[in-house]
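Enquirer: Pasting the sequence and the predicted model now:
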Amino acid sequence: MKNPNGQPVLLRNARLILPEQVAEASSLLIEDGRIAKVFESETDQLPVVESVIDLDGLTLFPGFIDIHIHGATGVDAMAATADDLRRVSEFLAQNGVTAWLPTLVPAATEQYEQATHAITTVIEHQESLFAPSALNADGASALPAKPARVLGVHYEGPFVSSEQCGALHREHFRTFKDPTDLDSLPMIKQESAVHLMTLAPEIAGGIELIKELRRRGWIVSIGHTRAASEVLDEALRAGARHLTHFMNAMPPLHHRAPGPVGWGLIRDEVTCDLIADGVHLDPSILKLILQNKTAERISLISDAVAPTGLGDGEYQIWGETIRVENGRTQNARGSIAGSVITMLDAVRMMLSLGVSESDVARMASLNPARLLGIDDDCGSIQEGKRADLIALDPEGNVRMVLVAGVPAMENGK
């Protein structure tokens, strides 16, 4: 982050949530959109710069990264235009998310093509939002949108189990016969784009599908599955090392049939993500998973759907009516149909359970970045990484968001 006169920006008097500790009364220097220097002690000699922001004791977290989100503010990623996605990005930035992965549900090929075209368009243009030419004289973005970054695409299905469909529509589920079966799932054109797929390894051709996806550079996660342990072991060897919304869309743990839940709990080499909304998983279960997997192996996700941010009511999503009541979604079949939380809500939930701020930052930022292979670039407050940062007050309200050092919002506005 630089002003037009070339001077860097100093954030001072903050509580910095670092990967292994909290640094009180600390400062950091931002230059060219990245963290140039971290000053962990108030006794450190600070540089003399023209632009100084005094955070007055606010807590500075790395920006949250949501790897599983279907939409918000009335926008569904399956039907969104590029402008729609930018609107979601603005909403997410206001709630502490600085990067996200639009998540697509099983659908017809033409719907996938429409959705991925919109995602591609956003990625093509988003970097210009933070270029020097987009800055006003005061160093703020001259563009109306200062959004969270779109990182790529997450296909939740269509290669999943009909027996664990959850809110997904079975008529669009598929099996895998050969690599041409992937041709109808468009990829994002940009080389930097992330491609993640959630699949069930027990479907016909499931293990070969994992191998083919890994050959193409995709990240593979296991979900919407009833796979037995021996199949899951095969999937692990083929390159699937993550579990999608752990415990949801999986059979419950049984003492004679451990299934994906038991398998995931005892495999230290396997990571997982959780919907920490108190609806998908009881808070006591969140504690159980955290105690077993540890913060090193857990990512928080929202699994948010289009009504997020709009309140209770009835909404049309994925060709059916979804009802939202008291923060809980439900479709006509009685299934939970995603969530209406943000990553900020998930963070607040974990903090309320007594999880340390550093561990929560790891689950909301560093671990998602690590899963996507971008942790060298973002996900934690460390020198050289992108200045994707959020400042929270003691009540957990967002007071400032920086995306690549550019203010997305300040003072809660």
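Expert: Ah, there it is. Residues are numbered from 1 along each chain as shown.

Enquirer: Name the nearest residue to the residue nearest the centre of the chain, ignoring sequence neighbours.
Expert: In the chain, the residue lying closest to the centroid (C-alpha atoms, centre = their mean) is residue 66, at 1.1 Å. The spatial neighbour of residue 66 that comes closest, neighbours along the chain excluded (C-beta to C-beta, 6 or more residues apart in numbering), is residue 100 at 4.4 Å. C-beta here means a position set from N, CA and C on the backbone, and glycine is covered the same way.

Enquirer: With residue 283 instead?
Expert: residue 353 (6.1 Å).

Enquirer: Would you map the helices across the stretch 251-400 of the chain?
Expert: With helices called from DSSP state H, counting those that start in this stretch, the stretch 251-400 of the chain shows them at 259-266, 283-293, 343-352, 357-361, 367-372.

Enquirer: Those into a markdown table, with extra columns for distance to residue 173, mean pLDDT and mean neighbour count?
Expert: What follows is the helices of the stretch 251-400 of the chain, written out as a markdown table (distance: least, C-beta to C-beta, whole Å; pLDDT from 0 to 100; neighbours: other C-beta atoms under 10 Å):
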| stretch | distance to residue 173 | mean pLDDT | mean neighbour count |
| --- | --- | --- | --- |
| helix 259-266 | 18 | 98 | 20 |
| helix 283-293 | 27 | 98 | 16 |
| helix 343-352 | 28 | 98 | 22 |
| helix 357-361 | 35 | 98 | 20 |
| helix 367-372 | 24 | 98 | 24 |
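
Enquirer: which one of the ones you listed lies closest to residue 194?
Expert: Relative to residue 194, the nearest member of these by C-beta to C-beta is helix 367-372, separated by 4.9 Å.

Enquirer: ranges for the helices of the stretch 1-150 of the chain?
Expert: Listed in chain order, the helices found in the stretch 1-150 of the chain under DSSP H, counting those that start in this stretch are 82-94, 109-126.

Enquirer: just these: most buried one?
Expert: Of these, the one with the most neighbours on average (mean count of other C-beta atoms under 10 Å) is helix 82-94, at a mean of 22.

Enquirer: who's in contact with it?
Expert: Counting by C-beta atoms under 8 Å, 6 or more residues apart in numbering, helix 82-94 makes contact with 66, 69, 71-73, 75, 77, 80, 100, 102, 118-119, 121-122, 125-126, 145-150, 309, 342-343, 398, 401, 403, 408-409, all of which sit outside it.

Enquirer: Also stretch 268-282?
Expert: Outside stretch 268-282, the residues touching it (C-beta under 8 Å, 6+ apart) are 67-68, 221, 236, 241-248, 263-264, 286, 289, 293, 297-303, 327-328, 336, 339, 341, 345-346, 349-350, 367-368, 371.

Enquirer: Show me what counts as buried in that stretch.
Expert: 270-281 (16 or more other C-beta atoms under 10 Å).

Enquirer: Return the subset of these lying in strands.
Expert: Secondary structure of those is defined by DSSP state E; positions in strands are 271-275.

Enquirer: Name the residues that touch stretch 283-291?
Expert: Counting by C-beta under 8 Å, 6+ apart, stretch 283-291 makes contact with 246-247, 265, 272, 274, 276, 281, 298, 349-350, 353, 355, all of which sit outside it.
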